[in-house]
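Asker: Predicted structure and sequence below. I'll ask about it afterward.
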Amino acid sequence: MPIILAIVALAVPRLVMFFIWLLTDWFGLAYRSTIWPVLGFVFMPYTTLAYMAAMLNNSRHVDGFWLVLVVVAAVVDLGHWGGGWHYRRR
């Protein structure tokens, strides 16, 4: 089941975030306030999911593989913003 969730998260991260919020308490366990998941839902969904996974699977520390995962997710999210800007400019 987690593998299927990961595959779907790559395709539609906001839908996965909605179902995680609806069916589990993972956001409550990973984040101390509700503003960060909401902002992540709007602006950086991959980074929000990667940070949540890092906090839940690594005893509330982000290091090693999980740090690499969060950085790659941030680059992908920023690439979406930059790619859209580049496309509009052309």
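Answerer: Received it, and whenever you're ready, just let me know what you need.
Asker: how distant is the helix or strand of the chain with the lowest mean pLDDT from the center of its chain?
Answerer: Least confident helix or strand of the chain, by mean pLDDT, DSSP states H and E, is helix 2-11 with a mean of 77. Distance of helix 2-11 from its chain centroid, counting by C-alpha atoms, centre = their mean, to the nearest Å, is 12 Å.
Asker: quick one, phi psi at Gly64?
Answerer: Backbone torsions of Gly64, given as degrees, to the nearest 10, read phi 60, psi -130.
Asker: about what we covered before: for the least confident helix or strand of the chain, buried residues please.
Answerer: Neighbour-count burial for helix 2-11, counted by 16 or more other C-beta atoms under 10 Å, picks out Ala9. The way it works is simple: take the backbone N, C-alpha and C, and place the C-beta from them, glycine included.
Asker: One more: stretch 52-63?
Answerer: Burial within stretch 52-63, assessed by neighbour count using 16+ other C-beta under 10 Å, is assigned to Met52, Ala53, Ala54, Met55, Val62.
Asker: Any idea which residue is closest to the centre of the protein?
Answerer: By C-alpha atoms, centre = their mean, the chain has its centre lying nearest to Leu49, at 2.3 Å.
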